[in-house]
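Novice: give me coordinates for this.
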Amino acid sequence: MSLDPAPVTIAVNEAVCVSGLLQVPPRARACVVLAHGAGAGMTHPFMATVAAGLAERGIASLRYQFPSMERGGGRPDPPKLAHATVRAAVAAASRLMPQLPLVAGGKSFGGRMTSQAQAASPLAGIRGLAFLGFPLHPAGRASQQRGKHLFGVRVPMLFLQGTRDALAMTDQIESLCKALGIGATLRLLSGADHSFHVLKRSGRTDGEILTEMMDALAAWIERVNLSP
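Specialist: As a prediction, the model looks like this:
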């Protein structure tokens, strides 16, 4: 087992396979099945940084592509295919690391597709969902419509959200998490936008935001995985 990512192939169905990257540190205590956002794939620097940050904290990860990104990008996959890809990735993680408890989630679109799949039918072996910027509504159009399916999720959820996120205004995500109850944990990252960037005038750096985010994610995973 290594801190370096290893390529894997994930069969979604008889006709579709996607690529994945498995990153397993020594003595890993959990694994995150990590989906990318709508506009960038699993090798995007943000995804690589998250996977490396998890590994440094003793947590494995399986990043993977959605079929549209595997083909080179363009319009995101329809939900049915995206959900099937989430399920295939979770199943692959379970096969590859049967000894590790699993958490699923991802960046923006990837997190939302994961939660929709979980709400429709629980993902086998998943102990929690982690969202790196949940896309609650279109930019500038406050709404909680995209979060309604979350009330069907029966595992703990972590929302890591920037306070300048145009796709999840703070009052909207706070209201949603309050309504979801004790199963939802919200961690607000001051000054960060949907991509977890901060303005220079904030006095903070992107690196500081990412460290805060990774520390919060690792601590939450530790708590979630105390209970089978």
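Novice: show me the strands in the chain, by range?
Specialist: 6-11, 17-23, 31-35, 60-64, 102-107, 126-132, 157-162, 184-189 (DSSP state E).
Novice: need those in TSV with mean neighbour count and distance to His197, can you?
Specialist: For glycine as for every other residue, the C-beta is placed from the backbone atoms N, C-alpha and C. Converted to TSV, these look like this (neighbours: other CB atoms under 10 Å; distance: least, CB to CB, whole Å):
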stretch	mean neighbour count	distance to His197
strand 6-11	14	29
strand 17-23	21	24
strand 31-35	28	20
strand 60-64	28	21
strand 102-107	28	13
strand 126-132	24	13
strand 157-162	25	8
strand 184-189	18	11
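Novice: among those, single out whichever gets nearest to His44.
Specialist: For His44, the closest of the strands of the chain is strand 102-107, at 8.4 Å, according to CB to CB.
Novice: okay, that closest one in PDB with CA atoms only?
Specialist: Provided in PDB are the C-alpha atoms of strand 102-107 (Å, rounded to 0.1, in the frame of the first residue of the first chain):
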ATOM      1  CA  LEU A 102     -16.500   3.500   3.800                       C
ATOM      2  CA  VAL A 103     -17.700   7.000   3.400                       C
ATOM      3  CA  ALA A 104     -19.000   8.300   0.000                       C
ATOM      4  CA  GLY A 105     -19.400  11.800  -1.400                       C
ATOM      5  CA  GLY A 106     -17.600  14.300  -3.600                       C
ATOM      6  CA  LYS A 107     -17.300  17.800  -5.000                       C
END
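Novice: verify the stated contact: Ala55 with Pro26.
Specialist: No - applying CB atoms under 8 Å, one finds Ala55 not in contact with Pro26, separated by 9.5 Å.
Novice: give me the low-pLDDT residue ranges for the chain?
Specialist: Along the chain, segments meeting pLDDT under 70 span 1-2, 226-228.
Novice: gap between the residue nearest the centre of it and Ala51?
Specialist: The centroid of the chain falls nearest to Gly106 when counting by CA atoms, centre = their mean (1.7 Å). Distance, Gly106 to Ala51, by CB to CB, to the nearest Å: 11 Å.
Novice: pull up the overlap in contacts between these two.
Specialist: Common contacts of Gly106 and Ala51 (CB atoms under 8 Å, 6 or more residues apart in numbering): Leu34.
Novice: let me have the strands of the chain in CSV, extended by distance to Met213.
Specialist: Putting these into CSV (distance: least, CB to CB, whole Å) gives the following:
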stretch, distance to Met213
strand 6-11, 25
strand 17-23, 17
strand 31-35, 13
strand 60-64, 14
strand 102-107, 11
strand 126-132, 7
strand 157-162, 5
strand 184-189, 6
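Novice: would you map the helices across the chain?
Specialist: Using DSSP state H, the helices found in the chain span residues 45-56, 67-70, 79-96, 109-120, 170-180, 206-224.
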